[in-house]
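K.L.:
model this:
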Amino acid sequence: MSNPLKNGVAKKKIKWTDDLPFEIIRMLLSIVIALFVTFIVLCFVSKTPVDDFIQLLTYPLQGKFYFGYVLIKMVPLTFAGLATLLYFRTGLFNLSTEGIFYICGVVCTYFAVGSIPLTGNGFIDSGICILASGIVGAIIALLPGYLKAKYNANEMVISLMMNSILFGIGFYLIKTYLAVEGVSGNASAPFASSAKLAIIMDGTQVHSGLILMLIAVAAIYILLFKTKLGYTIRMTGLNDRFAKYSGMSSFALFMAVHLIAGFLGGAGSAIELLGTYKRFSWTQLPGLGFTGALMAMLGKNHPIGVLIAAFGISYLRASAQLLANSSPVIDVKLVSIVEVILCLLISSQYFLKKWREKQLLKNEKEEMKDE
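P.N.:
From the prediction side, this is the model:
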């Protein structure tokens, strides 16, 4: 009989029913189901569903420019996901990143069009725009945090109301003070060239915001898993009384989380504008509140998971947008089918639950026989 002990330590056998392998199975199966449903939809609307489906899955790989388009689209999704996962980790359901993205885009525009004289140095000018946008986002985010911590107000309701208010204020500021004549819609003057983010990959639109995105992912990872504040955030999400027992007031914790999340939302807005747009031209909310929640859920509230989820969704969105010019049946709305199904399956506590219970029972019986 082989000895299960080696050097006095028992080797733990990895099972599919363990938390991490099980979540991987859930994720992969959810993706397969979502893509299968998408294919079924294509069978009804397309004369060549197989070709269109293959194109949807492979088009961004057909050229350097196309793949670069995927990378730039994942930047705002990652920032929105990072901001939202901080809320989720603390046990909060806050969607204010939507409104913060818009109003902070207005703040960024104010600086980027030269309302205040710029230095002409690209690093300084873009840095000022991003920092100002992030600070304003952090300050705005403190409001729902204060109301939640002080009066236990429902943060989801507050955040949804704030989104509409922030959009109204931002649109008014753009229309009244920053819009220029001769441009369709209420668009601002072009951003100063020194405020724009530099292109870092020749032959593409990939800008230095991609590097800032990776830095943000690393920073949130360190915050969550290498600091006392991060430990308090994670434990409070499991037990809302933990902050009190750890010696940190829940008020301070909620304010800190909202401050950081608001800064991420504001900075992400500026990075998206300065890297991708020539001028501010948003006429509606960018839709990153619920998308940020989707990234956080798909990424299992982990910074690396959010990065992977943002890449996957950006890949499909970019592919659909690129194909929309040549295909009459493929557009971004088709990808929304994948997003909705993924959200439903991954957020469901019952998906594969019975299978896991049967496997656990089977493993338990086998272990009893071995004994």
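
K.L.:
ok, now which ones touch the most centrally placed residue in the chain?
P.N.:
When Cα atoms, centre = their mean is applied to the chain, the residue found nearest the centroid is Gly81 (2.3 Å). By Cβ atoms under 8 Å, 6 or more residues apart in numbering, Gly81 lies in contact with Thr291, Gly292, Leu294, Met295, Ala296, Gly299, Val306, Ala309, Ala310. Where you see a C-beta, it was placed from the backbone N, CA and C, and this is true even at glycine.

K.L.:
Same list (those residues) but as TSV, adding neighbour count and distance to Gly275.
P.N.:
Formatted as TSV, these follow (neighbours: other Cβ atoms under 10 Å; distance: Cβ to Cβ, whole Å):
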residue	neighbour count	distance to Gly275
Thr291	22	18
Gly292	34	18
Leu294	24	22
Met295	30	18
Ala296	24	22
Gly299	25	22
Val306	29	19
Ala309	25	20
Ala310	28	15
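
K.L.:
Surely Gly122 is in contact with Phe191?
P.N.:
No. Gly122 is beyond contact range of Phe191, at 11.6 Å (criterion: Cβ atoms under 8 Å).

K.L.:
quick one: which of those two has more around it?
P.N.:
Per other Cβ atoms under 10 Å, whichever of Gly122 and Phe191 has more neighbours is Phe191, with 24 against 17.

K.L.:
Check what contacts stretch 328-336 and list those residues.
P.N.:
38, 41-42, 45-46, 52, 55-56, 313, 316-317, 320-321, 323-324.

K.L.:
mind listing the helices for the stretch 51-200 of the chain?
P.N.:
64-89, 97-112, 122-151, 155-173 (DSSP state H, counting those that start in this stretch).

K.L.:
If we ignore the residues flanking it in sequence, what's nearest the residue nearest to the centre of the chain?
P.N.:
Met295 (2.8 Å; Cβ to Cβ, 6 or more residues apart in numbering).

K.L.:
Using a markdown table, lay out the contacts of Gly81 together with secondary structure and distance to Ile72.
P.N.:
Converted to a markdown table, those look like this (DSSP: H, G, I helix; E, B strand; the rest coil; distance: Cβ to Cβ, whole Å):
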| residue | secondary structure | distance to Ile72 |
| --- | --- | --- |
| Thr291 | helix | 15 |
| Gly292 | helix | 17 |
| Leu294 | helix | 19 |
| Met295 | helix | 16 |
| Ala296 | helix | 21 |
| Gly299 | coil | 19 |
| Val306 | helix | 17 |
| Ala309 | helix | 17 |
| Ala310 | helix | 12 |
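
K.L.:
Most widely separated two among those residues?
P.N.:
Using Cβ to Cβ, those reach their maximum pairwise distance at Thr291 and Gly299, which is 12.2 Å.

K.L.:
sorry, back to before: so which of the helices of the stretch 51-200 of the chain gets nearest Leu224?
P.N.:
helix 64-89 (6.9 Å).

K.L.:
quick one: average pLDDT of the closest one?
P.N.:
For helix 64-89, the mean pLDDT works out to 95.

K.L.:
How many neighbouring residues does Ser249 have?
P.N.:
12.

K.L.:
How about Ser188?
P.N.:
Residues near Ser188, counting by other Cβ under 10 Å: 25.
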